[in-house]
Every structure is written in C-alpha cells, then in structure tokens.
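**Student:** what's the 3D shape of this:
(one chain, ligands or ions: 1)
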Amino acid sequence: MQFFNHNEFDNHEHVSFFSCPKTGLKAIIAIHNTNLGPALGGCRMWNYKNDEEALHDVLRLSKGMTYKAALADIPIGGGKSVIIGDPKREKTPELMESMGRAVESLGGKYIIAEDVGTCVEDMNQLSKETQYVTGVLQNNKGSGDPSPTTAYGVFLGLIPAVKHRLKKESLRGLTVSIQGLGHVGYYLCKYLHEEGVKLYVCDIDDDKVDVAVQEFGAIPLPFHEIYDVKADIFAPCALGGILHDETIKRLKVSIVAGAANNPLEAPHHGTMLSDRGILYAPDYVINAAGLMRVYHEYAANQGALFSEEHILKQVKKIPEKLETIFDYADKNGISTATAADALAEQIFKKHSFKKAA
Ligand code: NAD
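**Tutor:** Below is the predicted model of the structure:
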C-alpha cells in the first residue's frame with residue numbers, strides 16, 4: 001500500500017493506526033493540518049472492503065475538515081477517524097471505549113465527534129476514556145447530536161443556490177432528490193417538507209425509506225435510480241465518491257447540494273458538473289453547521305460560554321459564504337469546488353507562514 005505517495009496523502013501532519021485484539025478495534029486517526037488549531041472531526045465506522053479503502057476515506061475526510069473549518073471561521077484544524085467494521089454487527093461499548101483510549105493517547109491533537117456509523121451514545125461511551133470528545137449527550141454536558149444542526153445549515157444553503165441558479169427566492173414548490181436518510185438526511189427531509197418541497201428519496205435501509213414516505217409524503221426510489229430522476233436539486237446525504245464520470249452524465253438536476261462529505265470522486269468532477277450547467281454547493285461549506293455546533297461544545301469544555309444563539313448566528317452565515325463562492329467561481333471562470341478550495345487555502349495556508357515565522 002502506498003503511504004507517503006498515496007494520492008490523497010497531501011502532506012498530512014499525522015496518521016496513526018490503532019488495534020486492540022481484545023475489543024476488535026481496528027482504527028485510523030488522520031490529522032491533516034493544525035495551522036488553525038487542534039484537529040476536530042467525526043469518527044466513521046464502516047465495513048470497508050479493505051484497509052486501503054479505509055485509508056483512502058480517512059485521508060480525504062480529514063483534509064476536507066481543514067478546508068471546512070477555515071471557511072467556517074473556526075479556529076480548528078482538520079482531522080477525522082475511521083473504525084473498520086460493520087456498525088450494525090460489530091459495534092460494542094468496549095470497542096468504543098478502546099477508541100476513546102486511542103483518542104486520549106494523542107493528548108488533544110485530535111478531538112472526536114460522530115459521523116456515519118457512529119452516534120451520540122457512542123460519543124458518551126468514548127467519553128469514559130477520553131476528554132477529547134464532542135457530540136456527547138446533552139444531559140452529560142454535551143451538545144447532543146449535531147445532525148439536526150447540519151441539516152438546518154444545508155437547508156439554509158439551498159436558498160442561495162436556488163437564487164443563483166434558478167433565480168428563485170424560495171424553495172417552495174421545488175423538487176429535491178435525497179440520497180441517504182440517516183441522521184442528517186432525515187432532518188433535511190423534515191425541513192424541506194415543511195417548506196412545501198416535493199421529495200424523492202432513497203436509502204439502502206428500507207426502514208428509513210418507509211419513515212420518509214410516511215412522515216413527509218416522499219416518493220421512494222430504488223437507490224441506484226436516484227441519479228436518473230428529474231428534480232431541481234440533488235442532495236447527497238450518504239457516503240462520498242458518488243459523483244463520477246458515469247453518474248454525473250445521468251443527472252437531470254440544476255443543483256447538487258447536500259450533506260455528504262466528498263461527494264465528488266475527484267477534483268475534476270467539480271468542473272464536469274459546471275460544464276453540464278449544474279451548480280455545485282461545495283460539501284464542506286454547506287455541511288459545516290455540525291462542526292460549528294461541536295466546536296462550541298469543545299470551546300465550552302475549555303471554559304467558553306455555550307450558547308445556542310451563538311451557534312445559530314454562525315450557521316446563518318452559510319448562505320452568505322456560498323454566495324461569495326458562487327460569485328468568485330463566476331468571476332474567475334472556475335468551478336465552485338475549485339473556488340472554495342482556493343478561498344479556504346488563502347485562510348489556513350496564511351497561518352502556516354505565521355507558524356513558520
Ligand atoms: P448516517 O450514517 O446517519 O446516514 C447515512 C445514510 O446513508 C444511512 O441511512 C445509510 O443507510 C445511507 N446509505 C449509505 N449508502 C447509501 C447508498 N449507496 N444509497 C443510499 N443510501 C445510502 O450518517 P449522517 O450522519 O446522516 O451523515 C450523512 C453524510 O453527511 C456523511 O457523508 C457525513 O460524513 C456527512 N456529514 C454529517 C454531519 C453530521 O452532523 N452528522 C456533518 C457534516 C457532514
């Protein structure tokens with residue numbers, strides 16, 4: 001397996017591999033960049049086909065967190081972790097505790113939160129072994145599940161996208177197709193349904209689809225047909241790498257904007273979307289509200305005041321940030337994905353000069 005020459009390595013500061021034969025833990029913690037502060041990012045538990053797939057995922061995810069924090073004006077670096085295993089069959093309290101010990105061993109360089117395959121109860125379990133954990137249950141002095149906040153940020157972020165691409169002032173009457181009805185996808189459906197949006201949905205878990213059909217009148221689709229449905233917006237809310245040469249050709253939407261991290265398989269897919277006239281709201285900008293929430297929990301653990309009002313104020317800046325990116329992309333004739341990367345790099349790379357000086 002390539003490591004320092006790995007396509008996604010991108011000068012990661014620190015990558016650690018952990019195993020615990022007693023609990024079955026096999027995990028990787030990746031810290032991309034700490035110019036702005038200690039690394040904060042979620043822990044994904046997934047049944048990866050092999051170690052290579054897990055490494056590829058964690059490197060891409062942690063890099064994304066560096067860019068996310070920079071554009072969200074959060075003094076935090078980029079990091080992420082993955083646990084190799086099926087969360088439905090292999091997750092145990094003991095496994096989570098050993099992950100907590102792995103996080104603790106890094107002495108605060110990496111702060112953990114939830115992601116796909118982990119949840120607020122898991123963060124509680126981890127908190128028995130590490131102080132560097134966020135997204136803990138609210139009655140345990142945590143900020144709870146960040147997903148509803150993430151979904152609200154995505155919902156708000158759809159409005160500037162619709163204004164920019166469709167010249168419409170609101171989402172009412174539009175059609176949105178959603179891939180993935182987990183923690184974020186469910187709440188996004190809820191907000192959109194309340195706004196009078198027609199929903200097409202899919203998930204590999206039929207029970208989640210049934211809930212969306214019953215609660216929000218959503219129209220279910222087989223999961224492989226989500227790329228073919230005609231809609232105004234496609235909102236990816238499952239895993240990454242789903243937009244590539246084959247799927248982009250099939251899209252019949254004007255906008256791609258959702259919660260999923262790294263929906264583009266490779267950077268050129270951002271250009272491919274814009275060449276097809278599809279406006280892409282960069283993932284780490286539109287889905288940053290969850291990070292905003294867990295960052296405030298982390299800051300509160302350091303003595304700052306935890307305020308829901310303050311979080312909401314920050315989340316409400318997401319539309320403005322997206323407008324800046326859309327305008328920057330138009331002015332420079334580049335894709336919105338490239339525009340977001342350039343603007344984020346201006347922020348965190350400037351700090352690396354300060355660090356070196
Ligand atoms: P989750 O595990 O709760 O939900 C993911 C859902 O996607 C599950 O229901 C799963 O069955 C479904 N899924 C997986 N593969 C699929 C496929 N091929 N087709 C259709 N459905 C599929 O995770 P989540 O917390 O809702 O996160 C969703 C995405 O948003 C992830 O990419 C995550 O990294 C990103 N994200 C989450 C947050 C947060 O606050 N939870 C914040 C920022 C970004």
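**Student:** OK, contacts around the residue in the stretch 101-250 of the chain positioned nearest to the ligand?
**Tutor:** Closest approach between the stretch 101-250 of the chain and the ligand, counting by CB to the nearest ligand atom: residue 182, at 1.7 Å. Backbone N, C-alpha and C define where each C-beta goes, glycine included. Residues in contact with residue 182 (CB atoms under 8 Å, 6 or more residues apart in numbering) are 116, 147, 203, 208, 237, 238.
**Student:** pLDDT of stretch 188-208, averaged?
**Tutor:** Mean per-residue pLDDT for stretch 188-208: 98.
**Student:** start to end distance for stretch 268-287?
**Tutor:** 21 Å (CA to CA, to the nearest Å).
**Student:** Likewise for stretch 19-31?
**Tutor:** 18 Å.
**Student:** residues in the stretch 101-250 of the chain within reach of the ligand, list them.
**Tutor:** 115-117, 146-147, 150, 179-185, 202-205, 208, 223, 237-239 (CB under 6 Å from any ligand atom).
**Student:** what's around the closest residue to the ligand within the stretch 201-350 of the chain, how many residues?
**Tutor:** Residue of the stretch 201-350 of the chain nearest the ligand, by CB to the nearest ligand atom: residue 290 (3.0 Å). The local packing count at residue 290 equals 29, with neighbours defined by other CB atoms under 10 Å.
**Student:** mind checking the SS state of it?
**Tutor:** Here residue 290 takes the helix state, with states given by DSSP: H, G, I helix; E, B strand; the rest coil.
**Student:** Check residue 22 too.
**Tutor:** coil.
**Student:** hmm, back to that, which neighbouring residues are in contact with the residue of the stretch 201-350 of the chain closest to the ligand, exactly?
**Tutor:** 113, 146, 147, 149, 150, 153, 184.
**Student:** Check residue 170 too.
**Tutor:** 159, 162, 195 are the contacts of residue 170 under CB under 8 Å, 6+ apart.
**Student:** hmm, which of these are the buried ones?
**Tutor:** Among the contacts of residue 170, those classed as buried by 16 or more other CB atoms under 10 Å are 159, 162, 195.
**Student:** I'd like those residues written out as a markdown table, with secondary structure added.
**Tutor:** Output for the buried ones among the contacts of residue 170, formatted as a markdown table (three-state DSSP):
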| residue | secondary structure |
| --- | --- |
| 159 | helix |
| 162 | helix |
| 195 | coil |
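**Student:** would you turn the residues you listed into JSON lines with distance to residue 132?
**Tutor:** Shown next, in JSON lines, are the buried ones among the contacts of residue 170 (distance: CB to CB, whole Å):
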{"residue": "159", "distance to residue 132": "35"}
{"residue": "162", "distance to residue 132": "39"}
{"residue": "195", "distance to residue 132": "37"}
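**Student:** if we can go back for a sec, okay, the residue of the stretch 201-350 of the chain closest to the ligand: pLDDT?
**Tutor:** We have a pLDDT of 97 for residue 290.
**Student:** I'm done for today, thanks for sticking with me.
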